[in-house]
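>>> just the structure for this:
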Amino acid sequence: MLLWIAFAVMTAAVLAAVLMPLARPARPQSSAASGALAVYRHQLDEIEAERARGLVDDKEAAAAKNEVSRRLLASADEIDRATDGSGAIPQSRRAMVLLATAAFVPLLTLAFYLSYGSPGLPSSRVAERGQLPLGQAQIGVLIAKVEARLREHPEDGEGWDVIAPVYYKLGRFGDAANAYARAARLKGETVRRLAGLAESVVFAADGIVTEEARAAYEKILKLEPGRVEPRFWLALAKEQDGKLADALADYKGLLAEAPAGVPWRAAVESRVAEVSRRLAGAEKVDPRGPGPTAEDVAAAEKLSPEDRAKMIAQMVDGLAERLRRDGRDLAGWQRLINAYAVLGREQEARKALAEARSKFPADETALAALAALAKSLGLGS
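Below is the predicted model of the structure:
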């Protein structure tokens, strides 16, 4: 309760500061102008009274009101022009300013709350009723209004900057990446905007550190050389590129500088263990690799179509048999899935994909690599 009282007090203070110019008195109106305005307002009241008594229908009343309103506005404009030099806001425009301010300040407050708060978490009393204080549909309506404004004013960097973290919290990573990129281009590249862009791009790509994300992380390191997050993600990018030794060196560098109690230390230690295991396994693998070599392909080209197909099938089946014995070879699973897809054995490719995922249930990097492969082969994601 105290929190909402504080919010109310802050909102009142902001509105008071913004609306202060409206307190400045306007130049007194001329008696003639005031009389004209009073006549028009009286005519509007008479039209409404006649409509209520049934003397005119709704259509006729609306037309008459429109004509009187037009004259009323014309008179108000004349009064505004007469008071332009006084330094006060014209009387006819005060209502417009009041309405715009009263609508904009709460909307901006709500946008910041959606960006940095937790609108999906119920209060204890609301939670007991099983209801949420702000429904998903309401959030969607507010976001749609902001999106409509940004379509009309795509140069509004502040708007992109506000809505980007909202997209991110809702899991709309592609939209978040676009919004962060626009905000950075319009308002400048800051660590916060670059980090939001990079993380959104990575999550939109199912955990793959793309070139766009890599470039953003490199820019962050130039701005803040000691920052941990970009160093970790750039090390992961090297791991995904197959540069295991370089990735391991970067991970160990992070560990050497990490205090004992930091929460990200366990994640780095996990990557060190995994990359070390993969490097140790690579040294024991047959140098011919887990699939057909260039020599195998050259030899197969000299065979008849039937013998060539038989040879390829034997190599693929041999790879599948080896993976059944040692299922922790991610590169082997990738070659097997790709081979099945090339041979048109889609059902077996899907089965191999499922088996490969079961071998790496907690390895986000491996699962992301398998998802990217599946997407490229048309096997889903």
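>>> contacts and neighbour counts: CA atoms only from here.
Noted.
>>> name the nearest residue to Arg227, ignoring sequence neighbours.
The spatially closest residue to Arg227, leaving aside those adjacent along the chain, is Leu221, at 6.6 Å (CA to CA, 6 or more residues apart in numbering).
>>> buried ones in stretch 271-283?
Going by neighbour count (16 or more other CA atoms under 10 Å), the buried part of stretch 271-283 is Arg271, Val272, Val275, Ser276.
>>> and stretch 44-54, by the same measure?
Of the residues in stretch 44-54, those buried under the neighbour-count criterion (16+ other CA under 10 Å) are Leu44, Ile47, Glu48, Arg51.
>>> average pLDDT across it?
Stretch 44-54 shows an average pLDDT of 76 in the prediction.
>>> coming back round to it: where's the residue nearest to Arg227, which helix or strand?
Leu221 belongs to helix 211-223 when elements are defined using DSSP states H and E.
>>> how many other residues sit next to the residue nearest to Arg227?
Leu221 is flanked by 16 other residues according to other CA atoms under 10 Å.
>>> so what's it up against?
Residues touching Leu221, when contacts are defined by CA atoms under 8 Å, 6 or more residues apart in numbering, comprise Arg227, Pro230, Arg231.
>>> so how do I select the buried members of those residues in ChimeraX?
Buried members of the contacts of Leu221, defined by 16+ other CA under 10 Å, are picked up in ChimeraX with:
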select :230,231
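>>> nearest to Val209, of the contacts of Leu221?
For those, the closest approach to Val209 (CA to CA) belongs to Pro230, at 10.8 Å.
>>> the closest one touches Ala215, doesn't it?
No. Counting by CA atoms under 8 Å, Pro230 stays clear of Ala215, with 10.1 Å between them.
>>> ok, back up a step: looking at the contacts of Leu221, which are in helices?
Under the assignment DSSP state H, these contribute Pro230, Arg231 to helices.
>>> tabulate the contacts of Leu221 (a markdown table), appending distance to Ala176 and pLDDT.
Below are these laid out as a markdown table (distance: CA to CA, whole Å; pLDDT from 0 to 100):
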| residue | distance to Ala176 | pLDDT |
| --- | --- | --- |
| Arg227 | 22 | 91 |
| Pro230 | 18 | 93 |
| Arg231 | 22 | 93 |
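>>> ok, the contacts of Leu221 vs Glu60, which is closest?
Checking those against Glu60 by CA to CA gives Pro230 as the nearest, at 68.5 Å.
>>> ok, that closest one - contacts?
Tyr217, Glu218, Ile220, Leu221.
>>> give me that answer again for 6 Å
With contacts defined as CA atoms under 6 Å, 6 or more residues apart in numbering, Pro230 is in contact with Tyr217.
>>> before we move on, what about Leu234?
Listed by CA under 6 Å, 6+ apart, Leu234 has no contact partners.
>>> send the alpha carbons of the helix holding Leu221 over as PDB?
Backbone C-alpha positions of helix 211-223 (Å, rounded to 0.1, in the frame of the first residue of the first chain) are rendered in PDB as follows:
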ATOM      1  CA  GLU A 211      28.300 -12.100 -36.200                       C
ATOM      2  CA  GLU A 212      25.900  -9.300 -35.200                       C
ATOM      3  CA  ALA A 213      26.100 -10.300 -31.600                       C
ATOM      4  CA  ARG A 214      29.800 -10.800 -31.800                       C
ATOM      5  CA  ALA A 215      30.300  -7.300 -33.100                       C
ATOM      6  CA  ALA A 216      28.200  -5.800 -30.400                       C
ATOM      7  CA  TYR A 217      30.100  -7.700 -27.700                       C
ATOM      8  CA  GLU A 218      33.400  -6.500 -29.100                       C
ATOM      9  CA  LYS A 219      32.100  -2.900 -29.000                       C
ATOM     10  CA  ILE A 220      31.100  -3.400 -25.300                       C
ATOM     11  CA  LEU A 221      34.700  -4.500 -24.500                       C
ATOM     12  CA  LYS A 222      36.100  -1.300 -26.100                       C
ATOM     13  CA  LEU A 223      33.800   0.700 -23.800                       C
END
